[in-house]
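**Student:** can you look at this prediction? I've put the sequence above it.
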Amino acid sequence: MTTVRGAEQPASVKDEIGAARILPVVVLDDARSAEPLATALLAGGLTSVEVTFRTAAAEETVRVLAERPELLVGAGTVLTPEQVDRAVAAGARFVVCPGFSPRVVRHCQEVGVPVFPGTATPTEIQMALDAGLDTVKFFPAEQLGGLPMVAALAAPFRSVRFIPTGGVSTANLADYLAHPAVLAVGGTWMVAPALLAAGNWDEVTRRTAAAVTAARPHPEV
């Protein structure tokens, strides 16, 4: 079992994600693309990234990205305690799950890595609270009702912060981020698999910069 260096403080990681406001969700098939991906994201203005454990390259991708001190790197689509250990050993500073797994959450807490489990219902949010968590992924956001559903869930769970992911884009991210219960939004549109496979890093930077601009609060006229 691998322990996070110095045991990462959940509040500090949450603050960093909240400051970035956007969490790109990366599915990378070739870890050799990790270095140019890091450069493209940073050039576009993003400093947080979630690498999904959906491919054989995930572990090495986390390792390469974690070598960039400017980046806060986490592991996503984590389904088992064994994947938690591999992610942490590679340098992941937080873990994201598509659903709520008591085993995975408990293991993350044991090794000292912040975890943001996926939730879709009040029952799962209650389970997260019972586990001592106050920030969850809301997934798949748009398919579950989008911002109106987030608002409905936030009403009884006033201490919970959400990271809506799934169907979020530059067109609707500002609406999500305007809700006080939303910590940040996750998405793949700026790191779409086709862009990564083609090595179209300029387009990754362009989409990232557009998302960062859209996420900025705009003063009322």
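**Tutor:** The structure has been received and is ready for your questions.

**Student:** burial count for Pro140?
**Tutor:** Pro140: 15 surrounding residues under other Cβ atoms under 10 Å. No exception for glycine: its C-beta is placed from N, CA and C like everyone else's.

**Student:** that one is in contact with Gly167, isn't it?
**Tutor:** Yes - shown here, Pro140 and Gly167 form a contact pair, counting by Cβ atoms under 8 Å, at 6.4 Å.

**Student:** quick one: low-confidence ranges for the chain?
**Tutor:** Scanning the chain for pLDDT under 70 picks out the ranges 2-8, 218-221.

**Student:** biggest helix in it by residues?
**Tutor:** Secondary structure of the chain per DSSP state H: the longest helix is helix 201-215.

**Student:** just checking, what packs against it?
**Tutor:** Counting contacts by 3 or more Cβ pairs under 8 Å, 6 or more residues apart in numbering; DSSP states H and E, helix 201-215 is packed against strand 22-26, helix 34-44, helix 173-177, helix 193-198.

**Student:** out of these, indicate the one that is most buried.
**Tutor:** Stretch with highest mean neighbour count among those: strand 22-26 (a mean of 25; mean count of other Cβ atoms under 10 Å).

**Student:** which strands and helices sit next to it?
**Tutor:** strand 48-52, strand 185-187, helix 201-215.

**Student:** that strand: partners in the sheet, and parallel or antiparallel?
**Tutor:** The sheet places strand 22-26 alongside strand 48-52 (parallel), strand 185-187 (parallel), with pairing taken from DSSP bridges.

**Student:** can I get those in a markdown table with mean neighbour count?
**Tutor:** Compiled in a markdown table, the strands paired with strand 22-26 are given as follows (neighbours: other Cβ atoms under 10 Å):
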| stretch | mean neighbour count |
| --- | --- |
| strand 48-52 | 26 |
| strand 185-187 | 24 |
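
**Student:** can you redo those strands as CSV with distance to Arg161?
**Tutor:** Putting the strands paired with strand 22-26 into CSV (distance: least, Cβ to Cβ, whole Å) gives the following:
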stretch, distance to Arg161
strand 48-52, 15
strand 185-187, 12
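
**Student:** indicate which one of those is closest to Pro193.
**Tutor:** Of all the strands paired with strand 22-26, strand 48-52 sits nearest to Pro193, with 10.5 Å by Cβ to Cβ.

**Student:** what's the angle from that closest one to helix 34-44?
**Tutor:** Between strand 48-52 and helix 34-44, the angle comes out at 150 degrees (axes from the mean of the first three to the mean of the last three Cα atoms, to 10 degrees).

**Student:** contacts for strand 48-52?
**Tutor:** Residues from elsewhere that reach strand 48-52, judged by Cβ atoms under 8 Å, 6 or more residues apart in numbering: 16-17, 20, 22-28, 38, 41, 58, 61-62, 65, 71-77, 92, 96, 184, 186.

**Student:** tell me which residues in stretch 68-85 are buried?
**Tutor:** Neighbour-count burial for stretch 68-85 flags 68, 71-78, 81, 83-85 (criterion: 16 or more other Cβ atoms under 10 Å).
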